[in-house]
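>>> the following comprises the amino acid sequence and a computationally predicted model.
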Amino acid sequence: MSKVIPAGPGMNNVQLLVVDRQNGNWLCEPGESGEIYVRAGALAEEYLGLPDLTATKFVENWFADLKKWVEEDKNRVESQGGPEPWRQFWRGPRDRL
């Protein structure tokens, strides 16, 4: 444990994923080194005016089944009889890192 550096207390609705550098489909075990990804509901939308940087830094969460969330949202809208007014500003269900 002498090489373990605490990252501090947790934050509500924020998840840190440590992903294996050689195989991005694997999460690291405690004590292993890897790339840190932040997953949060309040993740920024973009780097303003920098679409290329946004595309490389805000990536889709490949650990989550996005189709499931899109389908659930579609069913919710249909069951309500139509979309809410705020949906004109919403980009739809996403799970980004």
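Done, it's in. Numbers count the residues shown, from 1 in each chain.
>>> surely Val19 and Trp26 touch.
Yes - using CB atoms under 8 Å, Val19 is in contact with Trp26, at 7.1 Å. Yep, even glycine has a C-beta here, placed from its N, CA and C like the rest.
>>> between those two, which has more neighbouring residues?
Under the criterion of other CB atoms under 10 Å, the comparison of Val19 against Trp26 puts Val19 first, with 17 against 13.
>>> phi and psi next, for that one.
Main-chain torsions, Val19, degrees, to the nearest 10: phi -110, psi 140.
>>> pull out the buried positions in the top helix by length along the chain.
Longest helix of the chain, by residue count under DSSP state H: helix 66-80. For helix 66-80, burial by neighbour count (16 or more other CB atoms under 10 Å) applies to no residue.
>>> keeping just the C-alphas, turn it into PDB.
Provided in PDB are the C-alpha atoms of helix 66-80 (Å, rounded to 0.1, in the frame of the first residue of the first chain):
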ATOM      1  CA  LEU A  66     -27.000   3.200 -24.900                       C
ATOM      2  CA  LYS A  67     -29.700   1.500 -27.000                       C
ATOM      3  CA  LYS A  68     -31.500   0.500 -23.800                       C
ATOM      4  CA  TRP A  69     -31.600   4.100 -22.600                       C
ATOM      5  CA  VAL A  70     -32.700   5.400 -26.000                       C
ATOM      6  CA  GLU A  71     -35.500   2.900 -26.100                       C
ATOM      7  CA  GLU A  72     -36.700   3.600 -22.600                       C
ATOM      8  CA  ASP A  73     -36.700   7.300 -23.300                       C
ATOM      9  CA  LYS A  74     -38.700   6.700 -26.500                       C
ATOM     10  CA  ASN A  75     -41.200   4.600 -24.600                       C
ATOM     11  CA  ARG A  76     -41.600   7.300 -21.900                       C
ATOM     12  CA  VAL A  77     -42.400  10.000 -24.500                       C
ATOM     13  CA  GLU A  78     -44.900   7.700 -26.200                       C
ATOM     14  CA  SER A  79     -46.600   6.900 -22.900                       C
ATOM     15  CA  GLN A  80     -46.900  10.600 -22.100                       C
END
